[in-house]
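Engineer: Please find the sequence and the predicted model below.
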Amino acid sequence: MRTLDDKVVVITGAGSGIGRATAVEAAGRGAHLAVSDVNETGLAETVDLLKAAGARTVRSDRLDVSQREEITAYASAVADQFGRVNVVVNNAGVSMTGNFSKLTYEQMEWIVDINFWGVVNGTKEFLPHLIASGDGHVVNISSLFGLISMPGQTLYNATKYAVRGFTEALREEMLVGRHPVGVTAVHPGGIKTGIVRNGRVADGDDLEALGRLFDKKLARTSADDAGRAIVKAVLRKQPRLLIGADAHALHQIGKLLGARYQDVFAAGAKRVLP
């Protein structure tokens, strides 16, 4: 795939942040867009931006990626409308912050259902259409926290490591089967989005303070830069994409120190976390 012109691009979690920015970038390259989100207000704003950016066609749907029956119906509807699907970006995701000992089973199931099963559901239902297109690509959004771990992020880490492993194995299967589908695992660092402010925390933790910390000190890369990088990775058939200087730096520290990076990051977290 050398261009997105006249390609059908499906993006979940497109009501804001990385999903929206990736959709706008694809629209500017002449793509047909099928965008979805649980936030209908944000999704409507995205649709206006896509039309202004020059998208050939825009379809929008409220979609809960954790609900398999919704994904199944959605994939069929998109394929029926456009006649093909070329790119799927499984971007929808949430954050759940707090020490493991304080998390409830309900909170853990919530994040796993969205961050992991949402990616699996989207990939499973759209993969036959991508293969049939003869020119397909899957993009699954993992995280810097799918490469290294952080205290207070046990379940977020677990889901993002799972997305990474799933995506890399899927790419290998596409290569073994000689299917015309590229696969990219994306590992963003701190991106200027509302994922933390719109996320959840363990009982007793301060979501507002955590949001301020993320916005002021940790989110260094714009969503627009992330969207451009993702589209470029698709066109280059890039297997892995790290986004942001922080993602590259911390990944290198983790590789350099081996398991001892955990001691360093734990000590740093004590000074930084609210």
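Structural biologist: The structure has been received and is ready for your questions. Note that the structure is predicted; figures quoted are calculated from it, not measured.

Engineer: Check the spacing between Thr193 and Gly268 real quick.
Structural biologist: Here the distance between Thr193 and Gly268 works out to 23 Å (Cβ to Cβ, to the nearest Å). Backbone N, C-alpha and C define where each C-beta goes, glycine included.

Engineer: So the two - more neighbours on which side?
Structural biologist: Between Thr193 and Gly268, counted using other Cβ atoms under 10 Å, Thr193 has the larger neighbour count: 24 against 12.

Engineer: ok, now which ones touch the closest residue to that one other than its chain neighbours?
Structural biologist: The shortest distance from Thr193 to any residue that is not its chain neighbour, by Cβ to Cβ, 6 or more residues apart in numbering, is 3.3 Å, and that residue is Gly17. By Cβ atoms under 8 Å, 6 or more residues apart in numbering, the residues touching Gly17 are 191, 193-195, 223.

Engineer: Check the gap between Gly17 and Lys51 for me.
Structural biologist: Taking Cβ to Cβ as the measure, Gly17 falls 19 Å from Lys51.

Engineer: Same question for Val264.
Structural biologist: Separation of Val264 from Lys51 (Cβ to Cβ) stands at 47 Å.

Engineer: Sketch out the low-pLDDT regions of the chain for me.
Structural biologist: Low-confidence segments of the chain (pLDDT under 70): 274.

Engineer: Please enumerate the helices of it.
Structural biologist: Assigned by DSSP state H, the helices in the chain fall at 17-28, 40-53, 68-82, 105-115, 117-133, 154-176, 207-213, 223-235, 245-257, 261-272.

Engineer: Quick check: which of those is buried the most?
Structural biologist: With neighbours defined by mean count of other Cβ atoms under 10 Å, none of these is more surrounded on average than helix 17-28, at a mean of 26.

Engineer: Please put the alpha-carbon coordinates of that helix into PDB.
Structural biologist: Extracted as PDB, the C-alpha positions of helix 17-28 are listed here (Å, rounded to 0.1, in the frame of the first residue of the first chain):
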ATOM      1  CA  GLY A  17      -7.100  12.100  20.500                       C
ATOM      2  CA  ILE A  18      -5.000   9.700  18.400                       C
ATOM      3  CA  GLY A  19      -8.000   8.200  16.700                       C
ATOM      4  CA  ARG A  20      -9.300  11.600  15.500                       C
ATOM      5  CA  ALA A  21      -5.900  12.800  14.400                       C
ATOM      6  CA  THR A  22      -5.200   9.600  12.400                       C
ATOM      7  CA  ALA A  23      -8.600   9.900  10.700                       C
ATOM      8  CA  VAL A  24      -8.000  13.500   9.800                       C
ATOM      9  CA  GLU A  25      -4.600  12.600   8.300                       C
ATOM     10  CA  ALA A  26      -6.100   9.800   6.300                       C
ATOM     11  CA  ALA A  27      -8.900  12.100   5.100                       C
ATOM     12  CA  GLY A  28      -6.400  14.600   3.800                       C
END
